[in-house]
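Colleague: Any chance you could fold what I've pasted below:
(one chain, ligands or ions: 1)
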Amino acid sequence: MLSELRDWHDRNQAPIQLRQAQQSGGDQTAAIQTPGKSRWPTISDRPPAPSAQNNNDGAPDAPNPSTPLRIAIVGGGIVGLCLALALHRHSLPFTLYESASKFSEIGAGLMVGWNALQCLEEVGVAEEVVRLAMDSWLHPPDISVVGMNGTCKEEKSGGDVFFQYRFGDGRREEPICTVKSPGGQITIHRADLLDLLLSHLPEDRVRFRKHLVQFEHLEYGVWLEFSDGTKEEADVLLAADGIRSTMRRLMYARTGQVDLQEPRWSGCLAYRALVPSHLVRAAVGDEIWGTPIMWLEPSRHVVHYPVAAGEYVNFLAYKSDYTKGRAPKWDGPWVEHEVDEHDMLKEYEGCGPQVRAILELVERPSRWAMYDIPDLPYFVQGNVALLGDAARAMTPHIGNGASQGIEDVHVLAHLLAHPKVTRKTVSAALKAYELVRKQRAQRVKELSWCSGRMWDLSAPGVGDDAGEVERVIRETMDWVWGVDIVKQLGDPGFSSKTREKDGTCDTNTFLPSTLICDQLTSEKLSYAPLDPTSQDKTEDGGDKDLESREPAGLEGGPAVDARLDGAEWECPKVAFGWGLPWDVLQAYYKLHVFPNEPTSILLFLGSMSGMVMNPVGFVIGKIADRYGYRLCIICGTIFAFLAMICAAFSTELWQFFLTQGVLQGLAIGCIHPVVMSSPSQWFRKKRELATGIVLTGASFGGGVASFCVQQLLIRLFRLSLFRDPIFWSVAPAIFFAAFGYLGFNFYLQQYTIYRLPTLKPSLYAVPLSAVNFSAAICRSSIGFLADKIGVVNTFIGSVFMAGFAQLVLWNFADNFGLIILFAIVVGFFGAAFVSLTSVLGAKLFGVKDLAALRGLLIMFMMPGNAAGPPVLGAVFAATGGNWHIVFSVSGVWCVTGACCLLYARFKREPRMFAIY
Ligand SMILES: Cc1cc2nc3c(=O)[nH]c(=O)nc-3n(C[C@H](O)[C@H](O)[C@H](O)COP(=O)(O)OP(=O)(O)OC[C@H]3O[C@@H](n4cnc5c(N)ncnc54)[C@H](O)[C@@H]3O)c2cc1C
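Modeller: Predicted coordinates for the structure are as follows:
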């Protein structure tokens, strides 16, 4: 039926009324599931599981052997039951745990949006929902808004009216605008919807009186603990336990984010009641009773629409106080049943006669405090996911809370039903769900709160200006109600093509995340009456779009990503010994072991490990992502140990190349990608700072090891150096160069993602690889350049060029080509000073005690290595994420380093163009 209507919508013809279609006796099921019509495979397109047996309603009972997941659903509200039905339709085994002794819904009417109806179509209940609704029209998303100056005043009730907005005060009880959609809208009694969902579910999958109180992550699953002391194990836990979700509280308690656990009062109270239709009809006439209407007044608004096939009018009267901010404290009860209607009438003194006439029909309404929850940074933790109100409960001002929950269900069920989703890969599927749903759901939530203020005629920039109210409604209606939910699943080909090809279940390959995000972010919300800048910014000024592309990580909490394996704590330890003091050894080799070998050969020996490290790191990165970081770190540590031991027994140059070049390169290649990427996987907000601190371990390692090696090699030390002004030209040059050397290594990938958000994820690391390959070329060729133009000139030129590249090239690198160009230039020149330090010392101070000198000079690198990236991280945070200032600071450090050495250069060789 709905696909027929979609076709209709495509052809822009008149709507088809359900009852007429039913009378025509066509094969409606076939019409719904016409192969090839839907971009997303419908449930019936999938072959049933081999062992499946069909039950009465056509859904196979036996679990699909290719996805033998044990799914626990917690919470049996509308969203939990919809999810159960969707999983049942997909032949996925589940158990639903509900804390109450039976299913029940309090409250009365529920608007069901087109967005939700498409999902209900998939689980096979859309037609029955429509039958239970007032007008029984299905309406494709063809929403139009007719304003005051249009034909609004002449609109009649029912039919195509989706909602009508009117001023409700006594002065002007007149229409503001009418939202139209073919067939009007679907409003249903909650109890009817609940009964309908239940009638399609097998009873044996439901456990009542099971109130979840605790959960525990297992390696590939979850332990659930209930208030009756029982425990259950499941592979996946899907929590639809409502606005006061226990699961949300438990998840966020683990990370100490107390402010995210509890709902916040919105400053609004609502009286709710069902009033028999004939009374309303008699009081206000046919047109008003049959039309969904929102009456707008300062600080209060009234909504009513018919439900239960027109038998009742669902009535809500809201009263708000926003003077105490967004989330004032509310000491009263959540819900009060059967309050005195005179209390309500007192709140509505001075309203218009039609509103008053309806209010006077209400007897013993319930009074609800309206809550929502803050934006959650993640919906998913390991194999646990929040959905429905548990994930993003919203104020009811646009009547879309349950519909959003049903959208969650649609996405989750499709992802879980994918044949490649297993116990091991299901967490990636859950992350994909979060990726798809979080942004839209939270924007709808925000819009709902803003709309509440608009209905109370107190939205900043809108107030009681009817034209503005109409404009906002026009701009937001279609975005909320008319969304094509198929889009939310992204590339229709992902299920077969992308994942079959490489067989992985990584988030990046599992869903074409950038495509999905593009689709979502392209639907910009133009109404942001409270803070126009808040739409795309996180609380700390980050970019929501960017964050939404990332898998849900925890800020210092337990590892949610099995790939980390707890290895993150080993990284600093290993990094401690990783910054090996190569140049101390090199100077020693030059002096005592290979005095006749050219400097460039010894430099090449030092750079060999870097050359080997890059391709190894490329391969290891993939292996680490798939098999865990711990394995790579263990291998790297063994290689490093072997390299040192074997080098100790080496006598020939080629043996040193094998041990300190190849084997050492293997060791670093195993460790480096893991060390570099661990902090980003663990931390989300202070990622730069975290990376810097973790990498500080390497610098300390380098500093301490250099000192120790130097002491072991030569015990004497030239204190007279400290009195030489040339030394105080060299030392600061190294000091500043080191500060400017690591920044681009740490931030280039993040900058690439920030600048090019739609870039294929597989290309994110290319610039960093270009830096490293370029550095490898530099290390093997810089010696030749130094032989040609002089080591001091080469040192000054290369450090200056590294600074220039950051100041000029990086600042203007706004496309992939320029970023790569920058990476090549900075990679080449940025690494040069490390290789040249020993020969620079030899040139300026002679080769006597060169290793000791080298050890001393290397100490001047330590502050930059340790503090450079964290300082840049602090600059980034302090400037509200201004990349240009970060590049400039880093570039200025390098240029300052180059300038410092000019004194030594011209003191020793005053001729401008001399080789020195
Ligand atoms: C006044 C008002 C009007 C609204 N109007 C609309 C509308 O017109 N359209 C619309 O789409 N939405 C509307 N909404 C929003 C809609 O009601 C909610 O979004 C929807 O009901 C949420 O469903 P849920 O299943 O996520 O949560 P709930 O309905 O709250 O269900 C949660 C379930 O979990 C169970 N549970 C809780 N804790 C545990 C535990 N620890 N263990 C086991 N079980 C547990 C509870 O017993 C309950 O059955 C309205 C909301 C309000 C307040």
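
Colleague: tell me what whichever strand or helix holds residue 193 is packed against?
Modeller: Following DSSP states H and E, one finds residue 193 within helix 190-199. Where contact means 3 or more CB pairs under 8 Å, 6 or more residues apart in numbering; DSSP states H and E, helix 190-199 is packed against helix 78-89, strand 109-112, helix 126-132. Where you see a C-beta, it was placed from the backbone N, CA and C, and this is true even at glycine.

Colleague: This protein against the ligand: which residues are in contact?
Modeller: 74-80, 97-100, 107, 110-111, 210-212, 240-243, 246, 270, 272, 316, 368, 388-389, 396, 399-403, 405 (CB under 6 Å from any ligand atom).

Colleague: I would like a ChimeraX command selecting only the buried ones among those, please.
Modeller: Of those, the buried ones go into a single ChimeraX selection, burial set by 16 or more other CB atoms under 10 Å:
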select :74,75,76,77,78,79,80,97,98,99,107,110,111,210,212,240,241,242,243,246,270,272,316,368,388,389,396,399,400,401,402,403,405
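
Colleague: List the ones among the residues of the chain next to the ligand that fall in strands.
Modeller: 74, 97, 110-111, 212, 270, 272, 316, 368 (DSSP state E).

Colleague: what's the least confident helix or strand in this structure, going by average pLDDT?
Modeller: Taking mean pLDDT, DSSP states H and E as the measure, the helix or strand of the chain with the lowest value is helix 28-32, at a mean of 29.

Colleague: Relative to the ligand, how far out is residue 72?
Modeller: From residue 72 across to the ligand, the span is 10 Å (CB to the nearest ligand atom, to the nearest Å).

Colleague: Assign that residue to helix, strand or coil.
Modeller: Using DSSP: H, G, I helix; E, B strand; the rest coil, the structure places residue 72 in strand.

Colleague: pLDDT value on it, please?
Modeller: What the model reports as pLDDT for residue 72 is 97.

Colleague: Residue 226 now?
Modeller: Reported pLDDT at residue 226 in the predicted model: 95.

Colleague: Is it correct that it is in contact with residue 246?
Modeller: No: if you go by CB atoms under 8 Å, residue 226 and residue 246 don't touch, sitting 10.5 Å apart.

Colleague: list residues touching both of those two?
Modeller: 211-213 (CB atoms under 8 Å, 6 or more residues apart in numbering).

Colleague: can you map out the helices along the stretch 351-500 of the chain?
Modeller: For the stretch 351-500 of the chain, the helices defined by DSSP state H, counting those that start in this stretch occupy 353-359, 389-392, 401-416, 426-455, 466-481, 499-502.

Colleague: okay, these, which one's buried deepest?
Modeller: helix 389-392 (a mean of 29; mean count of other CB atoms under 10 Å).

Colleague: CA-only coordinates of that one, as CSV, when you get a sec.
Modeller: Extracted in CSV, the C-alpha atoms of helix 389-392 (Å, rounded to 0.1, in the frame of the first residue of the first chain):
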residue,chain,number,x,y,z
ASP,A,389,13.4,8.0,25.0
ALA,A,390,16.3,6.4,26.8
ALA,A,391,18.6,7.9,24.2
ARG,A,392,17.0,11.2,23.5
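
Colleague: Going along the chain from the helix holding residue 193, find the next helix or strand for me.
Modeller: Counting by DSSP H and E, what follows helix 190-199 is strand 206-207.

Colleague: who does that following strand pair up with?
Modeller: Within its sheet, strand 206-207 is paired with strand 94-97 (parallel), according to DSSP bridges.

Colleague: Which residue ranges make up each domain of the protein?
Modeller: Listed domain ranges for the chain are 2-48+59-122+186-257+378-447+458-548, 565-713, 720-916 (source: automatic domain parsing).

Colleague: can you list the ones you listed in TSV and add distance to residue 292?
Modeller: Putting those into TSV (distance: least, CB to CB, whole Å) gives the following:
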stretch	distance to residue 292
domain 2-48+59-122+186-257+378-447+458-548	7
domain 565-713	42
domain 720-916	39
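
Colleague: for residue 469, what are its contacts?
Modeller: 165, 176-177, 296, 454, 462.

Colleague: Sorry, slip of the keys, the one I care about is residue 233.
Modeller: Residues near residue 233 by CB under 8 Å, 6+ apart: 70, 218, 221-224.

Colleague: Now find how far off-centre stretch 251-262 is within its chain.
Modeller: Stretch 251-262 has its C-alpha centroid displaced from the chain centroid by 18 Å (CA atoms, centre = their mean, to the nearest Å).

Colleague: send the alpha carbons of it over as CSV?
Modeller: What follows is stretch 251-262, C-alpha atoms only, in CSV (Å, rounded to 0.1, in the frame of the first residue of the first chain):
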residue,chain,number,x,y,z
MET,A,251,26.3,3.7,31.3
TYR,A,252,27.1,7.3,32.2
ALA,A,253,27.7,6.5,35.9
ARG,A,254,30.7,4.5,34.7
THR,A,255,32.2,7.6,33.1
GLY,A,256,31.3,9.9,35.9
GLN,A,257,29.1,12.0,33.6
VAL,A,258,26.4,12.6,36.3
ASP,A,259,24.8,15.5,34.4
LEU,A,260,23.9,13.2,31.5
GLN,A,261,22.1,10.6,33.6
GLU,A,262,19.0,12.3,34.7
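
Colleague: quick one: buried residues of it?
Modeller: Quick answer for stretch 251-262 (16+ other CB under 10 Å): 251-252, 255, 257, 260-261.

Colleague: out of these, which are inside helices?
Modeller: 251-252 (DSSP state H).

Colleague: Quick check: the farthest pair among the buried residues of stretch 251-262?
Modeller: 255 and 261 (10.0 Å; CB to CB).

Colleague: and the gap between residue 901 and the ligand?
Modeller: Look at residue 901 and the ligand: by CB to the nearest ligand atom, they are 66 Å apart.

Colleague: Contact partners for that residue?
Modeller: Applying CB under 8 Å, 6+ apart to residue 901 gives the contacts 729-730, 733, 792, 795-796, 799.

Colleague: Closest to the ligand out of those?
Modeller: The ligand has its nearest neighbour among those in residue 799, at 59.4 Å by CB to the nearest ligand atom.

Colleague: Same question for that closest one, what's its three-state structure.
Modeller: For residue 799, the secondary structure call by three-state DSSP comes out as helix.
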